[in-house]
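Peer 1: mind folding the following:
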Amino acid sequence: MKVKIMRKILLLTAFFLMLFSAVAQQGKVSGRVTGSDGQPLPGAYVTVEAANIGTATDADGKYVLENLPNDAVLKFSSVGYLAVDKIAGTASVINVVMSEDVARLNEVVVLGYSTTSKTK
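Peer 2: Numbering: from 1, shown residues only. From the prediction side, this is the model:
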């Protein structure tokens, strides 16, 4: 009888230890993305390279990512700016300043739509 109770206590303790270690491996990172002029970049993408986690910055350039692995590498990208990679590590706040991609600013993409009518 005592052996069964001890076994149940040990299994329950092991379960809780595994549960806490799994929670400890996931983190939360927030921050702000700005351009080199200090203005916020709304709509910039923040993604985790090794996982299917990502978000876009709000109107103030702020973002929040949750459930990150400890070795997460964050990739910041926005149209007209050079991409930036940052290692999250144990940081809870990562602010990023992105510089303009001058080479791509000269590229223009034109999409045209036309309407046609059939006359007899």
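Peer 1: for the biggest strand by length in the chain, name the packing helices and strands.
Peer 2: Ordering each strand of the chain by length in residues (DSSP state E) puts strand 27-35 first. Contacts defined by 3 or more Cβ pairs under 8 Å, 6 or more residues apart in numbering; DSSP states H and E place strand 27-35 against strand 62-68, strand 96-98. (Glycine included, C-beta is placed from N, CA and C.)
Peer 1: can you map out the helices along this protein?
Peer 2: Per DSSP state H, the chain carries helices over the ranges 2-24, 102-105.
Peer 1: what mean pLDDT does the longest one get?
Peer 2: By that I understand helix 2-24. On average, the pLDDT along helix 2-24 is 67.
Peer 1: swap in stretch 113-120?
Peer 2: Averaging pLDDT along stretch 113-120 yields 72.
Peer 1: centre of the chain versus that stretch, how much separation?
Peer 2: Relative to the centre of its chain, stretch 113-120 is centred 46 Å away, using Cα atoms, centre = their mean, to the nearest Å.
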